[in-house]
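1. next input, structure requested:
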Amino acid sequence: MSAARIDRVVETAIAEGVLPASAVQPEAQARPWPVVLMIGLGAWLAAIPLLIAVGLLLGDFILKGPGAFIIGVLLLGLAIVLFRSDRLPIFVEQLALPALLVGGGSLGFGLFHGLPPQLACAVLGALAIGIAVAAGRSWVRELLGALAAVLVTLACVPDRALNLDRGSASQFWLAWHVSFALWLAAQWLQSLVAGAPKGAAIAAAIESIGAGWLLAVLCGLAWWSGMTFLVGATVDRNIATDIARELSQRQHAGMGPQFAQPAISAGLAAIAAWLAARAWPSLRRPWCAGLAAILFVLSWLMPVLGAVVLALAVCLARQRWIQAGAAGVAFAWVIGAFYYALAIPLAHKALILLVAGALLAGLSWFALRSELPAVERAEGDDAGAMAGMVAGLAGLPLPVAGIALALLLSLGIANYAIYDKESVIRSGHPVFVEIAPVDPRSLMQGDYMAINFRVPVDRELSEHTLGWGRPQVVAQVDQRGIAKLLRIHQPGTVLGPGETRIELTPKNGAWTLVTDAWFFRQGDAERLAAAKYGEFRVAPDGRALLVGMADAGLKPIDGVRLR
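-> Below is the predicted model:
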């Protein structure tokens, strides 16, 4: 940030009462950031053997006595002193964060051994806020604010919900909304104390702690909504994604009969619309009311969308642009997670989003048409002719050009994907691969058949996720076209007679042959019960596409084949 911009920020903060009248721009640091980074890394590396030595010397004292509390308090006090000191050598200064982490971990170890988990989380959350206020560094306050939000949320969740028992989704939903309500209360408190004679320090602390708190809450709300569209198929499985999928299935499956969650979410969206109209009088127009109505309906269908919309409105109204960007990302994530709402049929979800998109397009067209006369009147005014022309150029052509460009890119990407698949179908040679015995059916996302293929197990296959490109499997194809998967292809090796390469696809943390599902029309389930082989088209470079199902005699099952 330039010095002139910092001066403007300081002047604005003084005018709003956030900073005292005597505040001036801080002097530029003489230490280049690469030097700070290298010295900080050195401090962390030096702390590791020291911590190991302390653990070996005081192990019994920590495990069996009050050592965890004593060491935790001492290290936390040391960290606070280091953070509040301005004239320390940079190497000593960088030791504050490891001391903070180790001290907090030691104290948490003692608390969780002596208190119920919820009470221990509440105590640690309050302690994190207290340390954040005492530390005085904005980045430390943001980190501790995020940690405090997670701890307070866990303090509101009972033990059975932590085990993902029945009702866990509702408990997590309530806990994250409690943390969100605390953030709203902190924003209200900040507006009250900002103009007070001695409220600048409190307002500054709330600003930094609240930024980290909100980021953690937004991540939690997005996590509760489950995997978003297409991300679940591309991210490898781990404990976080497994829990997110479990919560997503439980909360969407139980969303139908519940009333409180949709009502609260829609109410928060309505408050967001009111807040936006109050902050910007130009939004008090019919098309904005239509936009608010769309958000109201979507928030009713998506139980966490209302809180995200309200967070976005608050951040925009208070000109917190980075936090508003994070809320926008969470908004997009929650909208994408609606795809996995199993309580609503897929066709209904598609219709809802289609109608919402059409209404938004209509409101955008109406807004552009209604704003154009005002721009033309401004251009007719001699005093504001140049300003009106600039507004017309900046307000009308750029959004239209952006929409057109996005449309062209979308159509180009979609048509290229279609062309690529068509070329594989047209030029690839037919190959039949036997379906594995595990062959369940499901009607969750319309009529489809879950399929599996016997992919050879190879140690290097699990390690391939760290490399570039996708692995390929070598298949031996007989005269009938039946392929037997033999081994994982090693780059540079020559294929034998009758062998071909087939590219693998990542699915749910493992590699499969092109896909693990085959979608079909309603009514074809009985005929597909006779499916024995999957019919593929394989290109010379290994790209493959599943085009249909065949019975034991390799006869294609009519009505379920692409070409």
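
2. quick check: mean pLDDT of the helix or strand harbouring residue 69?
-> When secondary structure is defined by DSSP states H and E, residue 69 falls within helix 67-84. Mean pLDDT, helix 67-84: 82.

3. list the buried residues for it?
-> Under the neighbour-count criterion of 16 or more other CB atoms under 10 Å, helix 67-84 has 67-72, 75-76, 79-80, 82-83 buried. (C-beta placed from N, C-alpha, C; glycine too.)

4. what's the answer for stretch 100-114, then?
-> With burial defined by 16+ other CB under 10 Å, the residues of stretch 100-114 counted as buried are 100, 102-104, 106-112.

5. among the residues you listed, which are in helices?
-> Counting by DSSP state H, these place 100, 102-104, 106-112 in helices.

6. turn those into a markdown table, columns for distance to residue 339 and pLDDT.
-> Output for those, formatted as a markdown table (distance: CB to CB, whole Å; pLDDT from 0 to 100):
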| residue | distance to residue 339 | pLDDT |
| --- | --- | --- |
| 100 | 41 | 81 |
| 102 | 43 | 78 |
| 103 | 44 | 81 |
| 104 | 39 | 83 |
| 106 | 44 | 79 |
| 107 | 42 | 83 |
| 108 | 38 | 83 |
| 109 | 41 | 80 |
| 110 | 44 | 81 |
| 111 | 41 | 85 |
| 112 | 38 | 83 |
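
7. of those, which pair is most distant in space?
-> Using CB to CB, these span at most 18.2 Å, a distance reached by 100 and 112.

8. gap between residue 284 and residue 176?
-> Between residue 284 and residue 176 the computed distance is 31 Å (CB to CB, to the nearest Å).

9. mind checking which of those two has more residues around it?
-> residue 176 (27 against 11; other CB atoms under 10 Å).

10. got the buried residues for the helix or strand where that one lies?
-> If you go by DSSP H and E, residue 176 is part of helix 168-193. If you call a residue buried by 16+ other CB under 10 Å, then helix 168-193 has these buried ones: 168-177, 179-180, 182-184, 186-187, 190, 193.

11. from the contact counts, what lies against that helix?
-> Packing contacts for helix 168-193, counted by 3 or more CB pairs under 8 Å, 6 or more residues apart in numbering; DSSP states H and E, involve helix 138-155, helix 159-162, helix 200-225, helix 239-253, helix 260-279, helix 305-317.

12. what's the local residue count around residue 511?
-> Residue 511 has 19 nearby residues by other CB under 10 Å.

13. wait, a strand at it?
-> Yes - under DSSP: H, G, I helix; E, B strand; the rest coil, residue 511 falls within a strand.

14. which element is residue 432 on?
-> Assigned by DSSP H and E, residue 432 belongs to strand 429-434.

15. so for that strand, mean pLDDT?
-> Rounded mean pLDDT across strand 429-434 is 83.

16. each with direction, which strands does it pair with?
-> Here strand 429-434 is paired, per DSSP bridges, with strand 482-488 (parallel), strand 533-538 (antiparallel).

17. list the buried residues of that strand.
-> Neighbour-count burial for strand 429-434 flags 430-433 (criterion: 16+ other CB under 10 Å).

18. how about residues contacting stretch 175-195?
-> Residues from elsewhere that reach stretch 175-195, judged by CB atoms under 8 Å, 6 or more residues apart in numbering: 16-18, 149, 152-154, 156-157, 199-200, 202-203, 206-207, 209-210, 213-214, 216-217, 220-221, 224, 264, 304, 307, 310-311, 314, 318.

19. and with 7 Å instead?
-> With CB atoms under 7 Å, 6 or more residues apart in numbering as the test, stretch 175-195 has contacts from 16-18, 149, 152-153, 156-157, 199, 202-203, 206-207, 210, 213-214, 217, 220-221, 224, 307, 314.

20. and what of stretch 307-315?
-> Residues contacting stretch 307-315 (CB under 7 Å, 6+ apart): 177, 180, 187, 214, 218, 221, 265, 268-269, 271-272, 275-276, 295, 299, 323-324, 327-328, 330-331, 334.

21. wait, which of the buried residues of stretch 100-114 is closest to residue 94?
-> Nearest to residue 94, judged by CB to CB, of the buried residues of stretch 100-114 is residue 100 at 11.4 Å.

22. now, among the ones in helices among the buried residues of stretch 100-114, which is nearest to residue 48?
-> Closest to residue 48, out of all of these and judged by CB to CB, is residue 102, at 10.4 Å.

23. surely that closest one and residue 78 touch.
-> No - contact criterion CB atoms under 7 Å: residue 102 and residue 78 do not qualify, at 10.1 Å.

24. so which helix or strand of the protein has the lowest pLDDT on average?
-> The weakest-scoring helix or strand in the chain, judged by mean pLDDT, DSSP states H and E, is helix 385-395 (a mean of 41).
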